[in-house]
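Undergrad: The sequence isn't on hand, but the structure is:
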Ligand SMILES: O=C(CO)[C@@H](O)[C@H](O)[C@H](O)[C@H](O)COP(=O)(O)O
Ligand SMILES: O=C[C@H](O)COP(=O)(O)O
C-alpha cells in the first residue's frame, strides 16, 4: 500500500501513535490529484496527518511531469498573457489553498498548533534578505489562508527575513537547517520577531513557526567521508565505521536539547505568558538514503514531544507498516553528545559538511525550480502554439554544443534574472542599468492604451489623408516597419517615413502628400538630431504656405522630455507632444511612444500589437530559464557564433510581406553590439544564394511569415541547412507577431551584447560622424562655401576620394582598376558595404541590390547595401566601431534638385555632402578601408557605368 491510497485507521497505527509522544506527522508532499481525489483527506482522517510541506523539488515532481495541471494551464492561457513564473505560482497557490482547506479542521482542533501547509519563497532569493521579506509578505497575502506557513531558508540572509516575517505576523517554516549554529540564529530571529510585536503592543498569539532541521543529508555526507577514509586504509577505520548512520540523529538531538533550554528561558517564558507558541523543531529530509539502514530510521529515531516529522509518502507508508513509536528523541542524549564528540575527535568535518549542505540545498532547490519553470515554459509554448512565433535552430554540431554550454552558464549564473534586475555587470558594469526601461515598457503602454486609442480616434476624426514622419534611426525605423508591413488602414492616413537629406528624396515625399491633409510627426528622442530638425524646418515652412498660422496644428512630436524639440513644438503650437522615456535608447524604443504614436496614426489595432509584444516579453521573462527563453536562446546563438566561431555576419532574410523588419533589426544589432572592435555585422536583405557564395562567417536568420511565405526563400534555406550552415528559422504565424519579435530581438541583442562583452546600449561612434558633419556645415554657414575637397583620381563621370592612406593603396587610372585595388583588400571573413548617398527609390534600391549580389558572388564576401545618411544612424556604428573587417564604398552624386533649409545658409544638398564627407573622414581616421566614388552628371547613366565597373572589378 502507498500513501497515495492511504492505509487503514487503527489504534495501532504508528502514525497515529506519534501523537501520544507529542509528535505530529506531516506529509512532505503535495500534488493536485492527490488532494482532489480525497487521498490527502484520508491521511488526515485515518493516519492522523497534521500538516503538509512543499518545496521546489516537490512542486517540480508534481507539476513538471504528467498532465494533472494541463486543464488549468490551458484555461489561464486562454484569458491571460503570463510568464512561466506567474503560471507556476497560480497553480501552486491553488494547490496550497486546497491542501490548507483539507488541513483546516486540524488547525482548528489543535488550536493552531498543527494543520499547516507550507509554501516556500523562491529559492532564487535565498541570499537576499529584503527580497525574501517582500516575497514572504506577497505569498502570505496571495494565498490568504490562516494555516499557511511561508518557508524561508535558514541561511545567514534568511534569518533576518524570518525575524521580519514573524514580526509581521506571518507563520514561518524555516527550512534548510543543518547546523546547530544556524538553528540558534533562527531561534533568536523567531524570538526577536515576537518581541518586536510585543514591544509594538501587538499580539503574539497564534503565530506559528517550525524550524526544519534536515537529517538524512548529513549522514549521506558524513558517511560518504567515512567510507572514503576507510577505503583509503584509515587507521581509525573501526571507530569511523561505528559512526555510520549516527551523526545526523545525534546532531538533531542536540538541536532538540538546545530547544528545551530555550523554552525554559525567562526570555521565552515572557513571550509564552503573552500567548506565544514555541517554534517547534521539524525533522525534514527523513527518507532513508542508505538502503543498508532501516527505511524508517529518521522517523523512529527522532520521536519526541512538541516536534514535527515531515515524511515523504513512501516513508510514510513504511512507518505506518512497521514504525516503532518510542520517545527516542529524549533518550540517550549523552550518547548523542558522545557521537558528535567522537566525530570531532576523528576529524569528521561536521561544520564543513553543514556549510556545504546549505549551499547544496539552496542550489538543489534552484535547480529544481529551474527544471520546474523550464517544464512549465515548454508546456506554455506548446499550448500557445501559433499564438507565439516558432523558432527552429539548425546549427553545426560545434556551435550547437557551445550554445548549449552558454545557456547552461546563463542558467547556473542566474543571468536572466540578473538581466531583468538590471545588473550592469552583465555588460561592462557602467551605465547599462539606466538604459533598460524597454524591459517593462509594454506593460506601461498597455496601462496607457486608452491614451493611444483616444488619440487614434482624434486622428481619424480629423480626416488626414497622409502622415509624414520625419526622423532618423531609432526614431524612424520601427515606424517604417509598421508602415511597410501593415500598409494603409481604411479611415486613417497613409504613414510615410522620411529619413534622408537627399533633396530628390525629400521632393519625392513632398509630391506624394497633400500638405493640407497631412499630419507631420517630428520624431527625435534627443530632439537635437540635425535631420529631423531641418526636415521639420522645411516642412513647417511648406505647411505655413498652405495652412498659414494653422500649420502647428498639423504637427506633432515624439521626443524626450526637456528636449530642444519639445521647445520647438511648444513655440510653434504643435497639436500634440508625446514623450519618450529617457531610459530607453532609440533602437529599443519601438514599443514606446516612438512606435505606438505612428501605429495609432496609421490605424493599427494597438491592443493586438501590444498583446503580441507582451507575449514576447513574457516568453523572455526572468522566470523563464535560458534554454526555454527565446530571447536568451537567440542571443546566445548570435553571441557565441560571433565570439567563438568568427560567425559575426548576421544574415537576415525575411518573407517579402515583412521584409522591412531587417531594416529595424540591422540597427538594433549593429548599433548595440558593434563597438570596441567587436560586434555583429548585420547583412540585411542579401538575396539567398547557393552555399558556395558564402564564407564561414555567417549565421543565417530566416524570418518566415507562414501565412505568406516565399517558395524561393524556403528552397534556398533548405539548401543552406543541408549544406550545414547555421540557420535560425523564426516563423511568424501572422504579421502582428512582429511585435513579439520586436521584444524578443531587443532581449536577444542585450544577451548577445553581454556574451560579446560590450555595452549594448551606447553608440559611441555615431557621434563622431555627426561632429565632422557639423564642422562642415558650420564652415559653410560662415563662408558660404564648402571646404576644398580634391579627388585623388578621376575617370570620366567618376571622381574618387579617400584619405591619404587609403588613396595610397588605391593606385589606378580607371574606375575598374581603383575599385579592383579596393576590393582586393578584402579577405575571407571581411564584408563589403556599399553606402549610397542618393535618392532611395525602387530603381536605386534594385540597382544597389544587383550590385551587392555581384560583389558577393564575385568576392565571396558578405555585403551590406545601405543608403546615406540613413545608415549613419544605424549600421554606421558598427562600421566605425565594430570589427575592422569592412571594405567601404561610398557612392555620391550631383544633385539635380536642391532644397533650402529655412534659417540656414546651407541647403539639403550641402548637408548631404557634409554627411558623406564627415563619415568618410571618420572611417579613414579609424583606419578603415574606405573609398568614395562621386558620380558627376546624370545619375542613372552614372549608376549603370558604376555597376559595370564594379562587376568588372570583382
Ligand atoms: O523543509 C521541508 C519542510 O519544512 C521539507 O519539505 C524539505 O524540503 C524536505 O524534507 C527535504 O528537501 C527533503 O530532502 P531529501 O530527502 O531530498 O534529502
Ligand atoms: O537612432 C537614433 C538616431 O540617431 C536619431 O536620434 P534621435 O531620435 O535622438 O533624433
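TA: That came through fine. Keep in mind it's a predicted model, so treat the numbers as computed, not measured. Ligands and ions are numbered 1, 2, ... in the order given.
Undergrad: How is the closest residue to residue 393 other than its chain neighbours classified with respect to secondary structure?
TA: Distance criterion CB to CB, 6 or more residues apart in numbering; nearest residue to residue 393, sequence neighbours excluded, is residue 728 at 5.7 Å. C-betas here are computed from N, CA, C, even on glycine. Here residue 728 is strand, with the state taken from DSSP: H, G, I helix; E, B strand; the rest coil.
Undergrad: what about residue 728, neighbour count?
TA: 21 (other CB atoms under 10 Å).
Undergrad: swap in residue 873?
TA: 26.
Undergrad: So for it, what's the nearest residue that isn't a sequence neighbour?
TA: Using CB to CB, 6+ apart, the nearest residue to residue 873 is residue 473, at 2.9 Å.
Undergrad: mean confidence score for the helix or strand that residue 375 is a member of?
TA: In the assignment (DSSP states H and E), residue 375 maps to helix 350-384. Helix 350-384 carries an average pLDDT of 96.
Undergrad: List the buried residues for the following helix or strand past that helix?
TA: On the C-terminal side of helix 350-384, the closest following helix or strand by DSSP H and E is strand 390-394. Of all the residues in strand 390-394, those buried under the rule 16 or more other CB atoms under 10 Å are 390, 394.
Undergrad: now do stretch 597-609
TA: Within stretch 597-609, the residues scored as buried using 16+ other CB under 10 Å are 597, 598, 599, 600, 601, 602, 603, 604, 606, 609.
Undergrad: How far does it stretch from one end to the other?
TA: End-to-end distance for stretch 597-609, by CA to CA, to the nearest Å: 12 Å.
Undergrad: Please work out which residues outside it touch it.
TA: Residues outside stretch 597-609 that contact it (CB atoms under 8 Å, 6 or more residues apart in numbering): 446, 449, 452-453, 455-456, 459-460, 464, 467, 469, 478-479, 482-483, 486, 488-495, 497, 519, 521, 523, 556, 558, 578, 596, 736, 739.
Undergrad: Residue numbers of the chain in contact with ligand 1?
TA: 28, 53, 55, 118, 151, 173, 175, 212, 216-217, 282, 284-285, 287, 310 (CB under 6 Å from any ligand atom).
Undergrad: Now for residue 751: which residues touch it?
TA: Neighbouring residues of residue 751 by CB under 8 Å, 6+ apart: 410, 419, 631, 632, 634, 635, 636, 639.
Undergrad: Packing partners of the helix or strand hosting the fourth one?
TA: The one in question is residue 632. When secondary structure is defined by DSSP H and E, residue 632 falls within helix 630-645. When contacts are defined as 3 or more CB pairs under 8 Å, 6 or more residues apart in numbering; DSSP states H and E, helix 630-645 packs onto strand 390-394, helix 397-412, helix 606-619, strand 698-705, strand 727-732, helix 737-756.
Undergrad: wait, which of these is closest to residue 89?
TA: Among these, helix 606-619 comes nearest to residue 89, with 13.4 Å by CB to CB.
Undergrad: Pull out the buried positions in the closest one.
TA: Buried residues in helix 606-619, counted by 16+ other CB under 10 Å: 606, 609, 610, 611, 612, 613, 614, 615, 616, 617, 618, 619.
Undergrad: just stretch 292-309 next, same as before
TA: By 16+ other CB under 10 Å, the buried positions in stretch 292-309 come out as 293-304, 306-309.
Undergrad: Give me the spatial nearest neighbour of residue 632, chain neighbours excluded.
TA: Nearest non-adjacent residue to residue 632 (CB to CB, 6+ apart): residue 626, at 4.3 Å.
Undergrad: any idea how far the nearest residue to residue 486 once chain neighbours are set aside is from ligand 1?
TA: Of all residues not flanking residue 486 in the chain, residue 604 sits nearest, at 5.7 Å (CB to CB, 6+ apart). From residue 604 across to ligand 1, the span is 50 Å (CB to the nearest ligand atom, to the nearest Å).
Undergrad: do residue 208 as well
TA: 13 Å.
Undergrad: Just list the residues touching that residue, thanks.
TA: Residue 208 sits next to 112, 113, 116, 149, 171, 277 when contact means CB under 8 Å, 6+ apart.
Undergrad: quick one, what contacts residue 935?
TA: Residues near residue 935 by CB under 8 Å, 6+ apart: 797, 798, 891, 892, 893, 894, 942, 943, 946.
Undergrad: List phi and psi for it.
TA: Per-residue torsions, residue 935: phi -100, psi 120 (degrees, to the nearest 10).
Undergrad: Against ligand 2, how distant is it?
TA: Plainly put, residue 935 is 27 Å away from ligand 2 if you go by CB to the nearest ligand atom.
Undergrad: Same question for residue 219.
TA: Taken as CB to the nearest ligand atom, the span from residue 219 to ligand 2 is 62 Å.
Undergrad: In terms of helix, strand or coil, where does that residue fall?
TA: The three-state assignment at residue 219 reads helix, by three-state DSSP.
Undergrad: hang on, residue 24 is in a strand, isn't it?
TA: Yes: applying three-state DSSP, one finds residue 24 inside a strand.
Undergrad: There's contact between it and residue 53 in this structure, I believe.
TA: No: using CB atoms under 8 Å as the test, residue 24 is too far from residue 53 to be in contact (11.6 Å).
Undergrad: Looking at the two, which has the bigger crowd around it?
TA: residue 53 (27 against 24).
Undergrad: For that one, report the pLDDT, please.
TA: 98.
Undergrad: Likewise for residue 807?
TA: So, for residue 807, pLDDT stands at 97.
Undergrad: Ok, residue 291 next?
TA: For residue 291, pLDDT reads 96.
Undergrad: Kindly report the same for the one 10 residues further on.
TA: According to the per-residue confidence, residue 301 scores 97 in pLDDT.
Undergrad: Ok, the one 5 residues further on next?
TA: According to the prediction, residue 306 has pLDDT 98.
Undergrad: tell me the contacts of it?
TA: With contacts defined as CB under 8 Å, 6+ apart, the neighbours of residue 306 are 22, 278, 280, 281.
Undergrad: how does it look with 7 Å?
TA: By CB atoms under 7 Å, 6 or more residues apart in numbering, the contact set of residue 306 is 22, 278, 280.
Undergrad: which one of the residues you listed is nearest ligand 1?
TA: residue 280 (11.1 Å; CB to the nearest ligand atom).
Undergrad: contacting residues for the closest one?
TA: Applying CB under 7 Å, 6+ apart, the residues near residue 280 are 210, 306, 307, 308.
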